[in-house]
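Chemist: From the sequence below, what's the structure:
(2 chains)
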Amino acid sequence: MYEHDVLVVGAGGAGLRAAIAAHEEGADVAMVTKLHPVRSHTGAAEGGINAALHPEDSWELHAYDTMKGSDYLGDAPAVETFAQDAPDEVIQLEHWGMPFSREEDGTVSQRPFGGLSHPRTTYAGAETGHHLLHTMYEQVVKRGIEVYEEWQVLNLAVTDHDDVEDRECHGVVAYDIASGQVEGFSARDGVILATGGPGQVFDHTTNAVANSGDGYAMAYRAGVPLEDMEFVQFHPTTLPSTGVLISEGVRGEGGILYNEDEERFMFEHGYANNEGELASRDVVSRAELTEVNEGRGIEDEYVHLDMRHLGEERILDRLENILHLAEDFEGVDGLDEPMPVKPGQHYQMGGVECDENGHTCIDGLYAAGETACVSLHGANRLGGNALPELLVYGARAGRHAAGADMKEPEIQTGPSAKIEDGSIGADVEIGSLGGSDEAVAADGAAVDAGTVVDAAVQREQERVDRLLEEDGINHALVRDDIQETMTANVNVFRREDNLIEALEDIRAARERYQHVAASDPSRTYNTDVLHTMETRNIIDIAEAITAGALAREEFRGAHWREQYQYRDDEEWLKHTLLAWNGGNPELYYKDVILEGEDKVYEPKERSY
Amino acid sequence: MSADDAENSEVTPEAQAAAEAESSEAGAESDAESGEAAPATPGPQADRMAKKADRERAREETESTEEIDEEETVHLRVFRYDPEVEAKAEPRFDDFYVPREEGMTVLDALIEARDAYDSSLTFRHSCRQAVCGSDALFVNGQQRLGCKTQIADLETPVRIEPLPHQDVVKDLVVDMEHFYEQMQAVEPYFQPDDLPEGDLEEQRQTPENREKVKMSTRCIWCGACMSSCNIAAGDNEYLGPAAINKAYRFAMDEREGENAKANRLETIEQEHGVWRCQTQFSCTEVCPKDIPLTEHIQELKREAVKSNLKFW
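Modeler: Predicted coordinates:
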């Protein structure tokens, strides 16, 4: 068994930042990641990092924009802490050598982004995430932080007290991809889940193949509620054939969207009369699909994003990477012709419920970055707010896990924060099938840390052995079923009958999953086993997203319901929580906190 | 074992023919060319293979009703090796015939081959958009990223092998450890002499200086350059193009101080550093991010000379 003070699962932006912070607090910290750190999907982020750096800007304005963008489902303490900490984090990154784009006077450049009242987005070309990821990995190397790379974490080692708020996390079980060994990792002070997004739940996504949402699923099955999972961001500008992202930076710099009739539809069809292309992402995605659905799409599939008028010099200076992406993945020269774009799954606003210190309701278990739901983004995330989130909340989780003295959180977590029971309102079963494959947490009265980890290792070892030894169906068939039904039924536009159909399909997929096995018998670098494990996580997350989408009978932010065309603050100004509850998921609600330090964020109509 | 061995010695025409005869599990449509049954290996392995062959046949029967034969396919010849699996312990090539799709990349084709025909086919991949650097492969004799190489631009059969000059772990997966060690050897992190003290005060950097280091910061650690380099192949201690480029990225960044720069020049000037480069440009040719690696190495040579002259 490996032992450390703090274990960070995942080595993208949030994980790296958390590890550095824990290390600075003096903890013996190690990272466990299924990819080498520089392969993490933070590297694909393009646009930028929002931070109120300019003297005329302020954290208050950043907080206000974020709250408005969230459609008033963000929690004020999370939003304000974020806006306050972001400038320091960006400057810290600059001090670590991040190659930001610069002004003539040598200061860090900032550009306009959707939903922002001030040009607040710092960036490094159109490859900001790549530079952020590498800059922080450099700092991890510098500090000599141990990285267990190409180790897939299979499960958490958590006690199984009846009340999840009594449970403790003592470590993780991980699978060494190179050798097939299953090993226990004991964490004396904390485990931080920073495993990124769940894009593989959908088949048209900007996310990486590795983004199977492992952290959400592991925390969920250990008892931590998933919060607001129905809020999935569909990015308005992805390449139609692959889902590769075309940065919002293109519109930030002045790129224009056209329909088949060459109308600038954001204005001409009244979707956003003030902000046009720079309206919030959910608004633009719906506008594009409405154009397509009403017959004004190109090839009935996509719209055009035109940046030619910006001129070659400006494009090469600020958006060069976009030219490469359009050329390599769509065969289009962005200097010569408009680029085809359509909405694609991009970001999960919801996630593992935690407080401002990243702490979940299980002692010693943390979440940070996209995996977490503090809740900062509420019903819709603003462009440029994901990267500062992983800096701010990665750092806070790292510090807290390492024992730093931090302010008591204002956000309450766990079942004790419940204000109201909920229901998915349909006669479809969700959760466990009752099979042994889905056992939760650790054994009965085992509270000794070593025993808890050992028991978890034992269980995962049996799972791996079974996949290797038994004969069964290919997990890819199950994953395809999930991706198809999610893309068809739980997309930008949502209808009740479609959502129910999706839940039924997911149930069927879960049953099929009972019969999966790896056909590769080798212990050496067995990605068949690895992907089969990931698919189990995909099933749980798909179900959580769909259950939340069915339960929430209103239209808020990224969540659009055909029958409920208005935001309903009377009834729905609350967070959706889904708790695994030993395999019988329980849906309930908790309050949204709109009271900030000095002001209350009164919900207003969200127009751009 | 390394891919070179297979390239140079194992894959004689006879060995290829033998490999084809063994590659029954590859590609449901490849029966005309490959053998029918799994190789007769004893024990549970044989049972598994036999069952798998049954499944393949069943799948094939359902698929044959769907006019698969007429569909245009892409022929892949993929390097296979697994020290632990008897049928793969000797390196071989498997043939896959996957349905051709518009805009299909080498990575798309490999994913299709794996998900539809043989889930043991092993390769690294993640982002699908040329930024994670996981899928550098040796495709038709050149180092390329699978995700940004269009099938339509390649001659068929498309021959896909692991990166040469690195140990093969399994199939297309190579051991990257040596590459990472070389990257670490150049102290790959920013080392400023001092930092501004004011609140929220950034270090200043001119747009020109940022432009100067821009290309060098684009490295995605894919290892294509190192694999293409003859010098690195012959001198295991040679830092290699990627690591030297990383040193360049910092040495040329005006935010690092003079001391740091002097240390960096010392590092890259050592016996297995920049002077080993014979400017063959192979690294520059294969770099998927178009980094002018050879130029960067040359520039560091000049900087090193200048710096040494200062001390004379």
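Chemist: Next, count neighbours for the residue of the stretch 201-312 of chain B found nearest chain A.
Modeler: Relative to chain A, the nearest point of the stretch 201-312 of chain B is B:Arg204 (3.1 Å; CB to the nearest CB). In this view, the C-beta of every residue, glycine as well, is placed from N, C-alpha and C. Here the number of neighbours of B:Arg204 (other CB atoms under 10 Å in any protein chain shown) works out to 15.
Chemist: Kindly report the same for A:Asp333.
Modeler: A:Asp333, neighbours per other CB under 10 Å, totals 12.
Chemist: looking at this, it is in a strand?
Modeler: No - according to DSSP: H, G, I helix; E, B strand; the rest coil, A:Asp333 belongs to no strand; its state is coil.
Chemist: Isn't it up against A:Leu325?
Modeler: No - using CB atoms under 8 Å, A:Asp333 is not in contact with A:Leu325; the gap is 11.8 Å.
Chemist: re earlier: the residue of the stretch 201-312 of chain B closest to chain A and A:Glu103 touch, don't they?
Modeler: No - counting by CB under 8 Å, B:Arg204 stays clear of A:Glu103, with 9.6 Å between them.
Chemist: Show me chain A divided up by domain.
Modeler: Listed domain ranges for chain A are A:1-231+A:349-608, A:235-344 (source: automatic domain parsing).
Chemist: out of the ones you listed, which comes closest to chain B?
Modeler: That would be domain A:1-231+A:349-608 among the domains of chain A, by CB to the nearest CB, at 2.7 Å.
Chemist: which residues in the stretch 351-500 of chain A form strands?
Modeler: With strands called from DSSP state E, counting those that start in this stretch, the stretch 351-500 of chain A shows them at A:351-353, A:365-367, A:372-373, A:420-421, A:493-494.
Chemist: hang on, the earlier thing: to B:Thr284, which of the domains of chain A lies closest?
Modeler: Closest to B:Thr284 of the domains of chain A, according to CB to CB: domain A:235-344, at 16.7 Å.
Chemist: What is the neighbour count of whatever residue of chain B ends up closest to chain A?
Modeler: Residue nearest to chain A within chain B: B:Phe190 (2.7 Å; CB to the nearest CB). Using other CB under 10 Å, B:Phe190 has 22 neighbouring residues.
Chemist: ditto for the one 5 residues further on
Modeler: Number of residues near B:Leu195 (other CB under 10 Å) recorded here: 13.
Chemist: Domain map for chain B?
Modeler: Taken from automatic domain parsing, chain B resolves into B:3-174, B:177-310.
Chemist: For the strands of the stretch 351-500 of chain A, give me a markdown table that also has mean neighbour count, distance to chain B and mean pLDDT.
Modeler: Formatted as a markdown table, the strands of the stretch 351-500 of chain A follow (neighbours: other CB atoms under 10 Å in any protein chain shown; distance: least, CB to the nearest CB, whole Å; pLDDT from 0 to 100):
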| stretch | mean neighbour count | distance to chain B | mean pLDDT |
| --- | --- | --- | --- |
| strand A:351-353 | 31 | 20 | 98 |
| strand A:365-367 | 30 | 21 | 98 |
| strand A:372-373 | 30 | 21 | 98 |
| strand A:420-421 | 9 | 40 | 97 |
| strand A:493-494 | 18 | 26 | 96 |
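Chemist: Does A:Tyr137 touch A:Leu35 like I think?
Modeler: No - with contacts counted by CB under 8 Å, A:Tyr137 stays clear of A:Leu35, the gap being 11.6 Å.
Chemist: how about the strands of chain B, start to end?
Modeler: All strands of chain B, identified by DSSP state E, fall at B:73-80, B:92-99, B:136-139, B:142-145, B:158-161, B:168-170, B:173-174.
Chemist: Near chain B, which residues of the stretch 51-200 of chain A are found?
Modeler: Within the stretch 51-200 of chain A, the residues that sit near chain B (CB under 8 Å from any CB of the partner chain) are A:53, A:87-88, A:91, A:94-97, A:99-108, A:124-125, A:127, A:130-131, A:134-135, A:138-139, A:141-142, A:178.
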